[in-house]
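# fold the following and give me the result.
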Amino acid sequence: MHAIVINAQGGPEVLEYAEHPDPVPGPGEVLIDVAASGVNFIDVYHRAGTYPLDLPSPIGSEGAGTVAAVGEGVEDVAVGDTVAWVNVLGSYAEKAVVPASKVVPVPSGVPAELAAAAMLQGMTAHFLTHSVYELKAGDVMLVHAAAGGMGQLLTQIGKLKGATVLATVSSDAKEKLAREAGADQVFRYDGFADAVREAVPAGVDVVYDGVGATTFDGSLASLRRRGLMVLYGAASGPVPPMDPQVLNRSGSLYLTRPSLVHFIAERDELLWRAADLFGWLAAGELTINISERYPLAEAARAHEDLQARRTTGKLLLIP
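Numbers count the residues shown, from 1 in each chain. The predicted model follows:
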């Protein structure tokens, strides 16, 4: 099979497309013919060394496809099933071995490519809006990078939950995408905290910030008393160390930096989130914008486009 493996951490050029032996599922594992692999910022962090890996290492952590073989002891997954997974390295490949405990069934109404596009960002949007902060009707939320894959999902789920969604974007074209996703008001990044306070003088209930360094201070300034700052990414760079007294002075604010792995560690929780996500997709209540599909061999170009923020939706690699 062909797969992407890195022998060093660095720029997109370290993503090496080459032939490798077909993997074989061990006990409790399944072999999957990959239909599509999602491209995410966590892959950039793995590639660049932000998150260290033992080298050489496979890369890619999200995908969907058809089960080709099952290992000993696997009972709930069968050959021919369409399944999806997340947080399993080695997804940038034509074939992947995944623990059976980490795959979720994909219903017939959801194409495999759409399932691959939904897993990491969709499951993240689910736990951010259902567990980190349980959105309810009447809440006011601020979503940064609202035209991106995560931003569009957070906006749509916010509207499904009855929240008012304020959003930030960088251009008129991206504003159009944010409004199509359901954003009630859309601001540019420059001076967004003042614009939010003008729209909602008391401040918003929760901020979903995947941008990081350039938006962090303004995000805190946008919150109501005892509001929650959810920092879930750092597209503009990591947030510098801060004095916790800032949270006190700003109104007894809460700050959290959650990770998906801690919200799908139990299989029941994984299946709950997947069932909600695929149910919304099948019913047409949630839309995922797959903006680009790249051949697997062009993973480096996909990373370049993602890091340059040239894209507005989900990126997929197609074996």
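# go ahead and confirm Ala297 touches Leu15.
No: taking contacts as Cβ atoms under 8 Å, Ala297 lies outside contact range of Leu15: 9.6 Å. Placement of C-beta: from N, CA and C, glycine included.
# which one of those two has more residues nearby?
Shown here are Ala297 and Leu15; by other Cβ atoms under 10 Å, Leu15 has more neighbours (22 against 14).
# please name the residues that touch that one.
Neighbouring residues of Leu15 by Cβ atoms under 8 Å, 6 or more residues apart in numbering: Ile4, Ile6, Arg47, Ile59, Tyr92, Ala299, Ala300, His303.
# what about the strands in the stretch 201-319 of the chain?
204-209, 223-231, 254-256, 290-295, 314-318 (DSSP state E, counting those that start in this stretch).
# any chance of the contacts of Leu15 in a markdown table, plus pLDDT, distance to Val77 and neighbour count?
Conversion of those to a markdown table gives the following (pLDDT from 0 to 100; distance: Cβ to Cβ, whole Å; neighbours: other Cβ atoms under 10 Å):
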| residue | pLDDT | distance to Val77 | neighbour count |
| --- | --- | --- | --- |
| Ile4 | 98 | 25 | 25 |
| Ile6 | 97 | 29 | 20 |
| Arg47 | 97 | 30 | 27 |
| Ile59 | 97 | 24 | 26 |
| Tyr92 | 98 | 22 | 29 |
| Ala299 | 98 | 27 | 25 |
| Ala300 | 97 | 32 | 18 |
| His303 | 97 | 31 | 24 |
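# okay, the strands of the stretch 201-319 of the chain, which one's buried deepest?
strand 204-209 (a mean of 27; mean count of other Cβ atoms under 10 Å).
# so where's the stretch 101-250 of the chain shaky on pLDDT?
Scanning the stretch 101-250 of the chain for pLDDT under 70 picks out no residues.
# which SSE is the nearest residue to Val86 once chain neighbours are set aside in?
The shortest distance from Val86 to any residue other than its chain neighbours is 4.1 Å, reached at Met119 (Cβ to Cβ, 6 or more residues apart in numbering). Using DSSP states H and E, Met119 sits in helix 112-127.
# quick one: the residue positioned nearest the centre of the chain from Val230, how far?
The centroid of the chain falls nearest to Gln121 when counting by Cα atoms, centre = their mean (2.4 Å). Distance of Gln121 to Val230, given as Cβ to Cβ, to the nearest Å: 15 Å.
# next SSE after the longest strand seen in the chain?
Looking across the chain with DSSP state E, the single longest strand is strand 29-39. Following strand 29-39 in sequence order, the next helix or strand is helix 41-48 (DSSP H and E).
# from the contact counts, what lies against that next one?
Packing contacts for helix 41-48, counted by 3 or more Cβ pairs under 8 Å, 6 or more residues apart in numbering; DSSP states H and E, involve helix 299-307.
# now the angle from the helix it packs on to strand 29-39?
Counting by axes from the mean of the first three to the mean of the last three Cα atoms, to 10 degrees, helix 299-307 points 50 degrees away from the direction of strand 29-39.
# please convert the strands of the stretch 201-319 of the chain to CSV, extending it with distance to Glu75.
Compiled in CSV, the strands of the stretch 201-319 of the chain are given as follows (distance: least, Cβ to Cβ, whole Å):
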stretch, distance to Glu75
strand 204-209, 38
strand 223-231, 37
strand 254-256, 37
strand 290-295, 33
strand 314-318, 31
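# quick one: which of those is nearest Glu29?
Taking Cβ to Cβ, strand 314-318 is the member of the strands of the stretch 201-319 of the chain nearest to Glu29, at 21.8 Å.
# so what strands line up beside that closest one?
Strand 314-318 pairs in its sheet with strand 29-39 (antiparallel), strand 290-295 (parallel), by DSSP bridges.
# compare the mean pLDDT across those and name the weakest.
Per-stretch mean pLDDT for these is lowest at strand 290-295 (a mean of 94).
# C-alpha coordinates for stretch 109-125, CSV please?
The C-alpha coordinates for stretch 109-125 follow below in CSV (Å, rounded to 0.1, in the frame of the first residue of the first chain):
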residue,chain,number,x,y,z
GLY,A,109,-27.4,7.8,4.8
VAL,A,110,-23.9,9.3,5.4
PRO,A,111,-21.3,8.8,2.6
ALA,A,112,-17.8,7.7,3.8
GLU,A,113,-16.1,10.9,2.7
LEU,A,114,-18.6,12.9,4.7
ALA,A,115,-18.0,10.7,7.7
ALA,A,116,-14.2,11.2,7.4
ALA,A,117,-14.8,15.0,7.2
ALA,A,118,-17.0,14.9,10.3
MET,A,119,-15.0,13.0,12.9
LEU,A,120,-12.4,15.2,14.5
GLN,A,121,-14.0,18.6,14.0
GLY,A,122,-17.6,17.3,14.4
MET,A,123,-16.8,15.4,17.6
THR,A,124,-14.9,18.4,18.9
ALA,A,125,-17.7,20.7,18.1
